[in-house]
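**Student:** Here is a sequence with its predicted model. Questions after.
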Amino acid sequence: MKGLLRRYAYGSIKSLPFMLIFALIFSGAHFLMMYGLRIFHPLMMQAPSIIFGILPGSIMLQDSGEGWNRMALTFPITKRQQIGAVYIFALFTGSAAAVLELILSFPGMLLSQTGTLSELLAGLLLGLGASLWMTVILVPMICRLGGQEAGRLFIFPVLIPPALLMLTACFMDIGDPDAPFHIPFGLLTCLCIFLISAGLCVISWRLSLRWHEQYENM
Amino acid sequence: MNAIEIKDVCKSYKNFALDHVSLTLPGGCVMGLVGENGAGKSTLIRTMLGMIRQGSGSITLLGHDTASESELVLAKDEIGAVLDEVGIPEGFRAKEISRVMDGIFTRWHEDQFYDYLRKFSVPADKKFKELSRGMKMKLGIAAALSHEAKLLILDEATNGLDPLVRDEITDLFYDFTRDEQHAVLISSHIVSDLEKICDYITFLHEGKVLLSAEKDRLLEEYCIARCSEEEAGSFDHEAILGMKRSQFGTQLLIRRNAVPKEMQVITPTLEELFVFMVKGDA
């Protein structure tokens, strides 16, 4: 298991520059939309989490294409550990992304003089919850369809959250433009969102495990 | 102790089945698993390694019954497996591979890994994707040998490599099996490669074991006799393993003791043995 987590860690280090660039682009777009276009969507702050949430699924997909997933089956690890490692890594990534998200939105919070401790905590929970969404969808998809098929469909689940954010930001009146970094949900709601995401993650893990054990087209 | 004991293993797919496969590989030996493409070599190896579920029968690797997941994990800790494609992530260099393997195998030896890389002239500073196929394969073998593996399993790993690399790998197997606790199972459809290194040979055809025996005993026991159709008919049918008819006469793969001493015979190669058994009409 330690070796698998190291593999994910090396993979994420290699992908980190791209992920950071994406996260910065989204944060920049967020600022631009708020102050330039006066279009505001509080959940845009969650974009880095969602972007980082793609990482476990994308590394797994890459591993499938490069034969690592197959090679790993010759190692002294069980299929349960193999799938478990992806979800543990997803939690690590999500936590890192949620912290990064707070760091990125901190200047904005200072500028708009918002951001209480409970709001920070709410933001952290919301970020962590949002980062799991991609893993919840992508990992079972890869386990069910196999790398090749999942690779062809990968772009669709990846595009859904940003597309929804953009669409709702453009066409709906969400949030308060005068308090742009104010998280529109209370701590309890964010905790519920996080718990729902965690619950979905458990269901996703069970499905992935079942499909990974059944998948024999190697 | 036997390195591999397979008894009556079956595994069914829609268009293919492993049919009551049994074989035994003693320690200190090299076994060649020979079969045409689609004969079931890879399916058998993947079943052994628990990569695919076993239908029925029993598999014991290095004394561990693989039916139990925990035993299979213990066995795999002592197995070095190299499949037809080495699946190391493309962006990895030797250092990263070693760190990952150190977290996977309980007895990983980084020094040994680098020694093998030097021995094979594999550059440690290059990314995996920058290596040639031969280099990639050698790196895979180096990784398979650097964790005190007692059993090496290679699935079509030497196919597509140039003769020099294949020769290097062959030498390595000689060294590896000098230790009586070590064993190698190598599958290939290039029979000439296996002829040089194998102590045991198993012919697999359409999911069935045609024969599994000591190579030298096989080559001593059987011969190819060239004769006329009438002469062929006079031999004990039970002794004939395969027959080929052509306009120039009949060729028989037959037990030596069933052939009259005065008759000229030739010792078959493994390839001829295999072809006779698969294609010859006995």
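**Tutor:** Thanks, I have it.

**Student:** C-alpha only now, for contacts and for neighbours.
**Tutor:** Fine.

**Student:** Can you classify the closest residue to residue B:143 other than its chain neighbours by secondary structure?
**Tutor:** Nearest-residue entry for residue B:143: residue B:113, 6.2 Å, with adjacent residues in sequence omitted and distances by CA to CA, 6 or more residues apart in numbering or on different chains. For residue B:113, the reduced secondary structure class is helix; criterion used: DSSP: H, G, I helix; E, B strand; the rest coil.

**Student:** Residue B:113: neighbouring residues, count only.
**Tutor:** Neighbouring residues of residue B:113 were enumerated by other CA atoms under 10 Å in any protein chain shown; the total is 23.

**Student:** Likewise for residue B:122?
**Tutor:** Taking other CA under 10 Å as the definition, residue B:122 ends up with a neighbour count of 20.

**Student:** In terms of pLDDT, where does it sit?
**Tutor:** pLDDT, residue B:122: 92.

**Student:** Check the gap between it and chain A for me.
**Tutor:** Taking CA to the nearest CA, to the nearest Å as the criterion, residue B:122 is separated from chain A by 20 Å.

**Student:** Which helix or strand in chain B has the lowest average pLDDT?
**Tutor:** Sorting the helices and strands of chain B by mean pLDDT, DSSP states H and E puts helix B:229-234 at the bottom, at a mean of 78.

**Student:** quick one: average pLDDT of the helix ranked longest in chain A?
**Tutor:** For chain A, the helix reaching the highest residue count under DSSP state H is reported as helix A:117-153. When pLDDT is averaged along helix A:117-153, the result is 84.

**Student:** what do you get for stretch B:250-258?
**Tutor:** Averaged over stretch B:250-258, pLDDT sits at 86.

**Student:** what's in contact with that stretch?
**Tutor:** B:220-229, B:232, B:235-236, B:239-245, B:273, B:276 (CA atoms under 8 Å, 6 or more residues apart in numbering or on different chains).

**Student:** in that stretch, what counts as buried?
**Tutor:** B:250, B:251, B:252, B:253, B:254, B:255, B:256 (16 or more other CA atoms under 10 Å in any protein chain shown).

**Student:** re earlier: now could you export just the CA positions of the least confident helix or strand of chain B as CSV?
**Tutor:** Below are the C-alpha coordinates for helix B:229-234, written out as CSV (Å, rounded to 0.1, in the frame of the first residue of the first chain):
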residue,chain,number,x,y,z
GLU,B,229,3.5,-45.2,-45.5
GLU,B,230,3.6,-49.0,-45.2
GLU,B,231,6.4,-49.0,-42.6
ALA,B,232,4.6,-46.3,-40.7
GLY,B,233,1.6,-48.6,-40.4
SER,B,234,3.7,-51.4,-39.0
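
**Student:** on that earlier part again, quick one: the buried residues of stretch B:250-258 as JSON lines, columns for distance to residue B:97 and secondary structure too.
**Tutor:** Written out in JSON lines, the entries for the buried residues of stretch B:250-258 read as follows (distance: CA to CA, whole Å; DSSP: H, G, I helix; E, B strand; the rest coil):
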{"residue": "B:250", "distance to residue B:97": "55", "secondary structure": "strand"}
{"residue": "B:251", "distance to residue B:97": "52", "secondary structure": "strand"}
{"residue": "B:252", "distance to residue B:97": "52", "secondary structure": "strand"}
{"residue": "B:253", "distance to residue B:97": "48", "secondary structure": "strand"}
{"residue": "B:254", "distance to residue B:97": "50", "secondary structure": "strand"}
{"residue": "B:255", "distance to residue B:97": "50", "secondary structure": "strand"}
{"residue": "B:256", "distance to residue B:97": "52", "secondary structure": "helix"}
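
**Student:** Tell me how many other residues surround residue B:91.
**Tutor:** Look at residue B:91: counted by other CA under 10 Å, it has 14 neighbours.

**Student:** ditto for residue B:272
**Tutor:** Taking other CA under 10 Å as the criterion, the count of residues near residue B:272 is 15.

**Student:** so it is in which element?
**Tutor:** helix B:270-279 (DSSP states H and E).

**Student:** Those residues of chain A touching chain B, which are they?
**Tutor:** Residues of chain A lying close to chain B (CA under 8 Å from any CA of the partner chain) are A:1-4, A:6-7, A:10, A:63, A:66-71, A:73-78, A:216.

**Student:** if I pick residue A:57, what's in contact with it?
**Tutor:** Residue A:57 makes contacts with A:86, A:134, A:135, A:138, A:139, A:142, as judged by CA under 8 Å, 6+ apart.

**Student:** So which elements touch the helix holding residue B:272?
**Tutor:** Using 3 or more CA pairs under 8 Å, 6 or more residues apart in numbering or on different chains; DSSP states H and E as the contact definition, the elements that helix B:270-279 packs against are helix B:191-197, strand B:240-246.

**Student:** Any chance of CSV for these, columns distance to residue A:202?
**Tutor:** Conversion of these to CSV gives the following (distance: least, CA to CA, whole Å):
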stretch, distance to residue A:202
helix B:191-197, 48
strand B:240-246, 58
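
**Student:** Adding distance to chain A and mean neighbour count as columns, could you present the ones you listed in a markdown table?
**Tutor:** Output for the helices and strands packed on helix B:270-279, formatted as a markdown table (distance: least, CA to the nearest CA, whole Å; neighbours: other CA atoms under 10 Å in any protein chain shown):
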| stretch | distance to chain A | mean neighbour count |
| --- | --- | --- |
| helix B:191-197 | 23 | 17 |
| strand B:240-246 | 35 | 17 |
